[in-house]
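Colleague: build me a model:
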Amino acid sequence: LAAGRQVCQDLDEQHGVPRHGLWAPEPEEAAATDGGEAGAHVAAEEPAAPLTHEAALCELHELVVYLREQHSYCMFCGCQFEDQEDMESNCPGLTEDEH
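Modeller: Here you go, the predicted model:
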């Protein structure tokens, strides 16, 4: 999931897409939970609960679909295709099992 989030962010940034929920968390967000001075500001807030298996699968599916539709990128092939037609011709499918 982390690798997919990073690919999403990298491709979106290349195309000028503003930050959205499928990107990896910003480093400041992660550092704020380490207990430093920034952490004192965040300490009053509830920490984010880890994703359940179902939630992680759902987010992975969202990433796979988004990357395919917006960037002609297949996470399982690990490459970006020229366009949707190229992807449909050369990628075995939408799921890891199809690869």
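Colleague: residues in contact with the closest residue in space to Ser72 that isn't next to it in sequence?
Modeller: Nearest residue to Ser72, sequence neighbours excluded (C-beta to C-beta, 6 or more residues apart in numbering): Phe81, at 4.4 Å. The C-beta positions use only the backbone N, C-alpha and C, and glycine is treated the same way. Going by C-beta atoms under 8 Å, 6 or more residues apart in numbering, Phe81 touches 72-74, 87, 90-91.
Colleague: kindly report the same for Leu94.
Modeller: Residues near Leu94 by C-beta under 8 Å, 6+ apart: 64-65, 68.
Colleague: any idea how far it lies from Glu26?
Modeller: Look at Leu94 and Glu26: by C-beta to C-beta, to the nearest Å, they are 29 Å apart.
Colleague: can you flag which of the contacts of Phe81 belong to helices?
Modeller: 87, 90 (DSSP state H).
Colleague: ok, the contacts of Phe81 vs Asp10, which is closest?
Modeller: Nearest to Asp10 among these is Tyr73, at 9.9 Å by C-beta to C-beta.
Colleague: let's have the contacts of Leu94 in JSON lines, adding distance to Asp10 and neighbour count.
Modeller: Output for those, formatted as JSON lines (distance: C-beta to C-beta, whole Å; neighbours: other C-beta atoms under 10 Å):
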{"residue": "Val64", "distance to Asp10": "16", "neighbour count": "18"}
{"residue": "Val65", "distance to Asp10": "18", "neighbour count": "11"}
{"residue": "Arg68", "distance to Asp10": "16", "neighbour count": "18"}
